[in-house]
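A.B. asks: model this:
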Amino acid sequence: MEQRTFPRLGRTVGVVGLGAWQLGADWGTVTEDDAMAVLSAAVDAGVTFIDTADVYGDGRSEQLIGRFLRAHPDAGLTVATKMGRRVEQRPEAYTLAHFREWTDRSRANLGMDTLDLVQLHCPPTAVFADDTVFDALDTLVAEGAIGAYGVSVETCDQALTAIARPGVASVQIILNALRHKPLERVLPAAAAAG
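C.D. replies: Numbers count the residues shown, from 1 in each chain. From the prediction side, this is the model:
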């Protein structure tokens, strides 16, 4: 697996990661044994980056990943989780108090004192312009609850706004055979910003 430096995260990760939404069993039955087999196969294939969220299976995905991490402490994994979908999607819900509650729950689910990377989970557009939101995330980094933060976005404009913020370590955006727009604007901006 090709590894690349993730500059703002301060880590090296594989170019292919594992999206762990399916481990939450939101899409159908996934036994714990099957979930462990998926994680093992990914690691055996060289995957070092796992993406999950606190709402995937209402925390089940995080819990299974945490169980895997405890059984494989030397796997060299970086885990990104997401937060912000546990409440109604209103800008005023993005507060330090909620962030503490959500990260504490994810830390317990994953069995981690410090979460590697936490991404806001497709927040309302107004959140991107709110300095208090990013000040709150900086507080969690300073306190050691999270190692770094980023944003999972829905549009290229949201991605570009997030990339411009100095504390944002990652931007997650849909890019596939049918959605090419990020290739034109987002990827070059992300590369330039590190």
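A.B. asks: buried sites along the lengthiest helix in the chain?
C.D. replies: For the chain, the helix that runs over the most residues, judged by DSSP state H, is helix 96-110. Judged by neighbour count (16 or more other C-beta atoms under 10 Å), helix 96-110 contains these buried residues: 98-99, 102-103, 105-107, 109-110. Just so you know, the C-beta spots here come from the backbone N, C-alpha and C atoms, and that holds for glycine as well.
A.B. asks: and what of stretch 143-163?
C.D. replies: Neighbour counts using 16+ other C-beta under 10 Å place 145-153, 156, 158-163 of stretch 143-163 among the buried residues.
A.B. asks: that stretch - what's its average pLDDT?
C.D. replies: Per-residue pLDDT over stretch 143-163 has a mean of 97.
A.B. asks: now stretch 170-179
C.D. replies: 93.
A.B. asks: got it, and stretch 48-65?
C.D. replies: The average pLDDT within stretch 48-65 is 98.
A.B. asks: in that stretch, what's buried?
C.D. replies: For stretch 48-65, by 16+ other C-beta under 10 Å, it's 48-57, 59-65.
A.B. asks: who's in contact with stretch 182-189?
C.D. replies: 156, 159-160, 163, 171, 173-175 (C-beta atoms under 8 Å, 6 or more residues apart in numbering).
A.B. asks: those in helices, which ones?
C.D. replies: When the contacts of stretch 182-189 are checked against helices using DSSP H, the ones located there are 156, 159-160, 163.
A.B. asks: which among those gets closest to Asp135?
C.D. replies: Of all the ones in helices among the contacts of stretch 182-189, Ile163 has the smallest distance to Asp135: 18.1 Å, by C-beta to C-beta.
A.B. asks: wait, what's in contact with the closest one?
C.D. replies: Residues in contact with Ile163 (C-beta under 8 Å, 6+ apart) are 171, 186, 189-190, 193.
A.B. asks: of those residues, which is the most crowded?
C.D. replies: When neighbours are counted as other C-beta atoms under 10 Å, the busiest of the contacts of Ile163 turns out to be Val171, with 24 neighbours.
A.B. asks: doesn't Glu154 make contact with that residue?
C.D. replies: No. With the criterion set as C-beta atoms under 8 Å, Val171 and Glu154 do not qualify as a contacting pair; they are 11.3 Å apart.
A.B. asks: burial count for Pro182?
C.D. replies: What Pro182 shows, counting by other C-beta under 10 Å, is a neighbour count of 21.
A.B. asks: buried ones in the strand or helix carrying it?
C.D. replies: For Pro182, the enclosing helix or strand under DSSP states H and E is helix 181-184. By neighbour count, with 16+ other C-beta under 10 Å as the criterion, the buried positions of helix 181-184 are Pro182.
A.B. asks: how far off centre is it?
C.D. replies: Taking C-alpha atoms, centre = their mean, to the nearest Å, the mean C-alpha location of helix 181-184 is offset from the chain mean by 21 Å.
A.B. asks: following it, which helix or strand shows up next?
C.D. replies: Stepping forward along the backbone from helix 181-184, the first helix or strand reached (DSSP H and E) is helix 186-193.
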